[in-house]
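> Output the structure for:
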Amino acid sequence: MNKLPAELKDMVCSFSSPNELKSLRLVSRTFLAAASKYILPRIFLFIHPRSVRELEEITSHPLYREHVTTIIIDPTQLEIHKVKDYDDWVCHLPTDWSIPRREDFPPSSHVECSGTDRGLQLLAAAADAVKKNDEAWEAAKYSETELKKLWQSHKDLQSYQENTEVRALIYDKLRLAFKRCPKLRNIVATSLHGPNSAGSKKKHIIFGDHILDLYRYPEQPQPQLHLDDILPIAHAGSWPVETLTICNIELRKWTRQNPLTLSDLHHLRMLNDIDCFHIELFDILKAAPNLETLWARTNESRDDILVWDEILRNIHLAHLEELFFEFIYFDKDDLVGFLLRHASSLRSLAMREVFISLLSGGWPGLLRSLGHQLPNLNKVQLDLLVGMQGNVIARYKNAYMIDAESFLLRGGLLPIEQFIRKSDETDYYGPDMAARIQMDIRPGL
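The predicted model follows:
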């Protein structure tokens, strides 16, 4: 991928809150000029009061707001347990935290001490219980003071989430960011963050490691957003969004009476593993005539074929240069028609785990129909493709996909199907099961 939107550059940086920024010593103007194309001034919005304050500080700063180009939104809310009080909360803490409880160390009735005075015996027993309790706290994951602070964080975050309408918050802060940041052009809405990504690090800073450690399970349901929440109509028309990335967010369709207009949108990536979002994707594609990049990933399902065929038949993007499909079931004729309609502009084509209906010829039929008809392609990537070997669904070998890529780029003889042996399909470290392309970069993170 030689031509990527700004938020996908490998070398990026993020703004912290203004009071955390330190002065920087630049090596030279030449170095700064050379590095500038890799610098990504971006802001994050998590459903947390600290994140909201940070966004407001950056967007109100006279210098920092001038450089912001990207906003990354994570609408996920943590699953916070409802408890009666502090003691009840402590009882629900993970056992590996080794948090001692007073009732675990009752005074012993068999403590030996000099003398027979019962009062001294009781005092010694109480002192021994306190000593054991103190020793247990030394072995605990958090000190008692830290635990009290964590309990306060729990209460504050629970109260904030219960009293915050997520859709309204996102709408309001997006409107604020676009109003104050003249270079803001890219929106990323995601609930996924790589373990070492900037998004993951920022989330840990905002929420605190202890909170995320405590409430990361059970797994969060896929958060929901309406198109209205991230693409609303501003006072002077639509926001100048050039790049929109949706990753593992359940979308809901446009509900406003105003028509959706996205003439500035050039790059669209909708990467959802669970949710079917065909209607929402169709709405965006119809409103974005100048789209250059389209990535779409959903859950593969034969039931979706008619919906995708409607999209393929009714969408024409005159400037489309880059196309990526993953986990989608297509009819061959409709996919061929879509690709040929965009043959004059299409430069890059990538497909992973795409299944072509056997009734229309499968992958051999698709290649035969496309042969020598995509003259402007300069990059083709095919990965983990699926076909039929006899009456059984099977995966193609890398050798077949390499031949298919060459056929689409340079023509020649139609590739001969080659399938992985069934016994090798579970060998995820085998050469034919390893991913050949890396299109699933976590956008902007």
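
> Got the phi and psi for residue 389?
phi -110, psi 100 (degrees, to the nearest 10).

> got it, and the one 5 residues further on?
Recorded main-chain torsions at residue 394 are phi -140, psi 160, according to degrees, to the nearest 10.

> That one touches residue 422, doesn't it?
Yes - look at residue 394 against residue 422 with C-beta atoms under 8 Å: they come within range, at 7.2 Å. Where you see a C-beta, it was placed from the backbone N, CA and C, and this is true even at glycine.

> These two: which is more packed in?
When residue 394 and residue 422 are compared for neighbours, residue 394 comes out ahead with 16 against 11, by other C-beta atoms under 10 Å.

> Can you give me the end-to-end span of stretch 325-337?
Terminal residues of stretch 325-337 are spaced 15 Å apart (C-alpha to C-alpha, to the nearest Å).

> ok, which stretches of this protein are helices?
Using DSSP state H, the helices of the chain run over 29-35, 49-60, 86-91, 118-139, 144-162, 166-180, 198-207, 209-215, 227-230, 278-287, 305-314, 332-341, 362-370, 398-410.

> check contacts around residue 280.
227, 251-254, 270 (C-beta atoms under 8 Å, 6 or more residues apart in numbering).

> what about residue 359, how many residues close to it?
9.

> just residue 182 next, same as before
Neighbour count for residue 182, taken as other C-beta under 10 Å: 12.

> and if you look at residue 145?
Counted with other C-beta under 10 Å, residues neighbouring residue 145 total 8.

> need the contacts of residue 280 in a markdown table with neighbour count, can you?
Supplementary listing: the contacts of residue 280 in a markdown table, determined by neighbours: other C-beta atoms under 10 Å:
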| residue | neighbour count |
| --- | --- |
| 227 | 21 |
| 251 | 23 |
| 252 | 16 |
| 253 | 15 |
| 254 | 19 |
| 270 | 21 |
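
> Out of the helices of the chain, flag the one nearest residue 321.
Between residue 321 and the helices of the chain, the tightest spacing by C-beta to C-beta is seen for helix 332-341, at 12.9 Å.

> tell me what that closest one is packed against?
Where contact means 3 or more C-beta pairs under 8 Å, 6 or more residues apart in numbering; DSSP states H and E, helix 332-341 is packed against helix 305-314, helix 362-370.

> quick check: mean pLDDT across it?
For helix 332-341, mean pLDDT is 95.

> Can you mark which positions in that helix are buried?
By 16 or more other C-beta atoms under 10 Å, the buried positions in helix 332-341 come out as 332-336, 338-339, 341.

> picking up where we left off before, tell me the two of the contacts of residue 280 that are most distant?
Greatest spatial distance in these: 254 and 270, 14.4 Å, computed using C-beta to C-beta.
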